[in-house]
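I would like to see how this sequence folds:
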Amino acid sequence: MSPLLFVDSATIKFGGLSAIQDITFHLDSKELLGVIGPNGAGKTTLMRTITGIYQSQKGSIELEGIQISNLPIHKRVKSGLSMSQQLVRPFKSMNFLDNVIFAAGHRKTQKPLKTIFLKSRIEEKQKAMNLLEQLGISDMALEKPEKAPLGYLKRLELARAMALEPKILILDEPLAGLNQGEAEKLADTLKTLNKQGQTMILIEHNLREVMRICSRLIVLNNGKILAEGEPNSVFKQTRVQEAYLGEKINAGT
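The predicted structure follows:
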């Protein structure tokens, strides 16, 4: 069975220095893949290359066997990619519900002239409310983001990304800034979404939660893949431990 996503030899250089070099990996449908590594390892650069923010200077990227390497960002989104950012930036003038409605109506806004004659938001409103309920933040539906704690904003960012109905949901450090209790609850939510069929790539520094919810890991270091495989076996590798702390670490922590 062909992978949902196949990245072959992705390479990005800035000023002659390689941010990522010859990265090759695959992502299967309904998989929750963790991408980890020390600061500066190239994780976010890799995800921005997949989504089209950066153009890979060699290699190729295929989604469902179709080449997307030369597509601009909006066409990659239309093809089925969606990314939630580490730094959440909702529309402050809109409440939670309207933020998600705006994303849910993306198909209607693709053709401005047609949009002029579309006034009903019933379908998008219901879809947005369902997402808020699914993510446990429906109580904030009519509140503005500026009044919300970080945990709610992280879930709002996730709801907006999911409103695009992506084939692949890319999450850039969704647990960053949360205390361990909040991080564990959000990680549980991600795991539930994955079990319901959502394919995900998770970039995350919270190793405890990554180990707990991901089925497979890719470890990046200095822009290259250092290790790949089942979480416990990956963390038993000396080179992975040294990349993080310069010494052996307990895979259960």
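
From residue 33, how far out is residue 229?
Counting by C-beta to C-beta, to the nearest Å, the gap from residue 229 to residue 33 is 11 Å. In this view, the C-beta of every residue, glycine as well, is placed from N, C-alpha and C.

Those two - which one has more neighbours?
residue 33 (23 against 14; other C-beta atoms under 10 Å).

Mind listing the residues bridging to the more buried one?
Assessed by DSSP bridges, residue 33 has beta-bridge partners residue 201, residue 216.

rewinding a little: find the residues that touch each one of residue 229 and residue 33.
Common neighbours of residue 229 and residue 33 are listed as 216, 217 (criterion: C-beta atoms under 8 Å, 6 or more residues apart in numbering).

Residue 205: neighbour count?
Counted with other C-beta under 10 Å, residue 205 comes out at 15.

same deal with residue 224?
Per other C-beta under 10 Å, the neighbour tally for residue 224 reads 15.

Can you tell me the element the closest residue to residue 166 other than its chain neighbours falls in?
In space, residue 166 comes closest to residue 82 once its chain neighbours are excluded; the distance is 3.5 Å by C-beta to C-beta, 6 or more residues apart in numbering. If you go by DSSP states H and E, residue 82 is part of strand 81-84.

that older thread, so who does the residue nearest to residue 166 touch?
161, 162, 164, 166, 168, 169, 170.

Kindly reformat these as a markdown table containing neighbour count.
A markdown table is the format used below for the contacts of residue 82 (neighbours: other C-beta atoms under 10 Å):
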| residue | neighbour count |
| --- | --- |
| 161 | 21 |
| 162 | 21 |
| 164 | 18 |
| 166 | 19 |
| 168 | 24 |
| 169 | 24 |
| 170 | 25 |
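
Output the residues you listed as JSON lines; include the columns secondary structure, distance to residue 222 and pLDDT.
What follows is those, written out as JSON lines (DSSP: H, G, I helix; E, B strand; the rest coil; distance: C-beta to C-beta, whole Å; pLDDT from 0 to 100):
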{"residue": "161", "secondary structure": "helix", "distance to residue 222": "29", "pLDDT": "95"}
{"residue": "162", "secondary structure": "helix", "distance to residue 222": "33", "pLDDT": "96"}
{"residue": "164", "secondary structure": "coil", "distance to residue 222": "33", "pLDDT": "93"}
{"residue": "166", "secondary structure": "coil", "distance to residue 222": "30", "pLDDT": "96"}
{"residue": "168", "secondary structure": "strand", "distance to residue 222": "26", "pLDDT": "98"}
{"residue": "169", "secondary structure": "strand", "distance to residue 222": "27", "pLDDT": "97"}
{"residue": "170", "secondary structure": "strand", "distance to residue 222": "22", "pLDDT": "97"}
